[in-house]
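next input, structure requested:
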Amino acid sequence: MPEGDVVWLTARRLHEALAGRALTRSDFRVPRLATADLRGRTVLDTVPRGKHLLTRVEDGLTVHTHLLMEGRWQIRRAGPAPRDHRVRLVLGNAEWQAVGYSLGVVELLRTAEEDRAVGHLGPDLLDPSWGPETAAEAVARLAEQPARPVGEALLDQTRLAGIGNVYKAEVLFLRGVNPWAPVGDVPDLPALVELSHRLLDANKERHGHITTGERGRGREHWVYGRAGRPCRRCGTRIERAEQTGERVTFWCPRCQPRPSSR
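The predicted structure is shown next:
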């Protein structure tokens, strides 16, 4: 599932291509919206909310989409719409068209009712208004479940929105916290939240998630995707295991010892 920084960049590209222009193409390829037609309406903006995308148009309507595991948006010059069974939505104007492939969610709702789709989310790590108050709310939401493994809690978008598997693993490594440590045992929860915000913010305008400061191929991450290879800090073999259903996590046993060995 794309991380919050990928969704942020997708929202910006959708906004640049569609905002301020009237739609000349509106093609919903999901059964319950097959008759929906937004042609003639001007797109006001596209904004991210955690891992959700909200494209607002005239007359108080919002197109809500979510990429889930395999979705993506492609921006291309105006022209014939692609004939591809994976396409779920096409929105276009005289110059550009946005094509949504394999979108996990496609929904049309009143803008005034957006909370029905995203109101359950915790503070957005890439919210332009991020600051001490939103950070404190994220910390408080995490702390509400002190016995929960922190690696699981960070992926819960109702606690804080935007973290996926990559940043979960990298943030915990950088803070020296084991993924299975209870939230209540994390020594500095505010620092964990603030680091999460800083990493997503640093990567939001580029492709790829770089947490080591190195752009070279294979050098971008500390532990994510490096199972069986030596830790960049101490040389210990990086471990990999399932956590939260089918999702896996990566960690260094020495730099991030199990809670019982602390």
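
what about stretch 16-35, start to end distance?
End-to-end distance for stretch 16-35: 26 Å, by Cα to Cα, to the nearest Å.

who touches that stretch?
Under the contact criterion Cβ atoms under 8 Å, 6 or more residues apart in numbering, stretch 16-35 has outside partners 36-46, 55, 57, 75, 78, 81, 87-98, 106-108. To be clear about C-beta, it is placed using only N, CA and C from the backbone, and glycine gets the same treatment.

out of the residues you listed, which are buried?
Neighbour counting with 16 or more other Cβ atoms under 10 Å marks 38, 42-44, 46, 55, 57, 87-93, 96-98, 106-108 as buried within the contacts of stretch 16-35.

if we can go back for a sec, give me the subset of the contacts of stretch 16-35 lying in strands.
Here DSSP state E is the test, and those give 43-46, 55, 57, 75, 87-92, 96-98, 106-108 as lying in strands.

could you tell me the end-to-end distance of stretch 209-217?
Rule used - Cα to Cα; the end-to-end distance of stretch 209-217 is 12 Å.

wait, Leu9 sits on Lys204?
Yes - under the criterion of Cβ atoms under 8 Å, Leu9 makes contact with Lys204 at 6.0 Å.

grab the nearest non-local neighbour of Trp130.
Sequence neighbours aside, His197 is the residue nearest to Trp130 in space, at 6.0 Å (criterion: Cβ to Cβ, 6 or more residues apart in numbering).

I misspoke; the intended subject was Ala135.
By the measure of Cβ to Cβ, 6+ apart, the closest residue to Ala135 outside its immediate chain neighbours is Val193, 5.6 Å from it.

could you do Leu44 as well?
Nearest to Leu44 is Arg56, by Cβ to Cβ, 6+ apart, at 4.4 Å.

quick one, phi psi at Gly208?
Per-residue torsions, Gly208: phi 90, psi 150 (degrees, to the nearest 10).

and the nearest residue to it once chain neighbours are set aside, what does it touch?
Closest residue to Gly208 apart from its sequence neighbours, by Cβ to Cβ, 6+ apart: Glu220 at 6.2 Å. By Cβ under 8 Å, 6+ apart, the contact list for Glu220 reads Gly208, His209, Ile210, Thr211, Thr212, Glu214.

just to revisit the earlier point, isn't the residue nearest to Leu44 up against Arg41?
No - between Arg56 and Arg41 there is no contact under Cβ under 8 Å: 10.0 Å.

show me where the protein has its strands.
25-28, 43-49, 52-57, 61-66, 72-77, 87-92, 96-101, 105-110, 239-242, 248-251.

okay, angle between the fifth one and strand 52-57 too, please.
The directions of strand 72-77 and strand 52-57 differ by 40 degrees, with axes from the mean of the first three to the mean of the last three Cα atoms, to 10 degrees as the criterion.

just the longest one next, same as before
Following the same axes, to 10 degrees, one obtains 170 degrees for the angle between strand 43-49 and strand 52-57.

give me the helices and strands touching strand 43-49, please.
Counting contacts by 3 or more Cβ pairs under 8 Å, 6 or more residues apart in numbering; DSSP states H and E, strand 43-49 packs against helix 4-18, strand 52-57.

not counting its own residues, what contacts that strand?
4, 7-8, 10-12, 14-15, 18-23, 53-58, 91, 93, 114, 118, 121, 124, 126, 161.

nice, that's everything, thank you.
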